[in-house]
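Asker: Quick one, fold the following:
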Amino acid sequence: MKILLDTCAFLWIITDDTNLSPRARELFSDPAHDIYLSAVSVWEIAIKNAIGRLPLPKKPEQFIPAQRTRHGIASLALEEEDTLYLTRLPDLHRDPFDRMLICQAIVNGMAILTPDDSITRYSVRSVW
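Answerer: Modelled structure (predicted):
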């Protein structure tokens with residue numbers, strides 16, 4: 001399975017946070033799954049870090065790639081097709097980052113690893 005990490009799931013994985021469900025840990029740890037972090041999540045983390053809402057031990061441009069590599073997570077670029085899919089989404093969730101992750105997951109045939117119930121209201125496969 002191809003799994004796209006929600007931003008919070010990525011942060012919880014790299015910090016071994018107890019908010020990460022046992023099933024999420026199992027899915028992430030299974031080598032049969034391809035795990036991705038979207039450029040959208042990187043953008044969200046960088047913005048939150050810049051405004052002081054998400055302190056990181058190093059600058060995002062150093063920290064995020066290092067953590068992706070350390071945990072075997074691939075990078076997923078944001079493509080034009082992903083962004084254009086946004087026009088097909090119903091307006092059920094206001095978070096622009098989550099909406100783009102939903103688009104990317106649908107367009108790329110991925111499941112989203114997320115605890116966010118708002119995301120499950122869309123026609124996208126989510127796992128937690």
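
Asker: Phi and psi next, for the closest residue to Met100 other than its chain neighbours.
Answerer: Leaving aside its sequence neighbours, Met100 sits nearest to Val40 (C-beta to C-beta, 6 or more residues apart in numbering; 4.5 Å). Using the backbone N, CA and C atoms, a C-beta is placed for each residue, glycine as well. Val40 adopts backbone torsions of phi -60, psi -40, taken as degrees, to the nearest 10.

Asker: Report how many residues lie close to Val40.
Answerer: Neighbour count of Val40, defined by other C-beta atoms under 10 Å: 23.

Asker: distance of it from Gln62?
Answerer: Val40 is 20 Å from Gln62, where distance means C-beta to C-beta, to the nearest Å.

Asker: Count the residues that sit near Pro60.
Answerer: 17.

Asker: Just confirm Pro55 contacts Phe63, I think it does.
Answerer: No: the criterion here is C-beta atoms under 8 Å, and Pro55 misses it with Phe63 at 10.6 Å.

Asker: between those two, which one's more packed in?
Answerer: Phe63 (16 against 7).

Asker: neighbouring contacts of the helix or strand that contains that one?
Answerer: Taking DSSP states H and E as the definition, one finds Phe63 inside helix 60-70. With C-beta atoms under 8 Å, 6 or more residues apart in numbering as the test, helix 60-70 has contacts from 10, 14, 37, 42, 45-46, 49, 56-58, 73-75.

Asker: Restricted to helices, list these.
Answerer: Within these, residues falling in helices by DSSP state H are 10, 14, 42, 45-46, 49.
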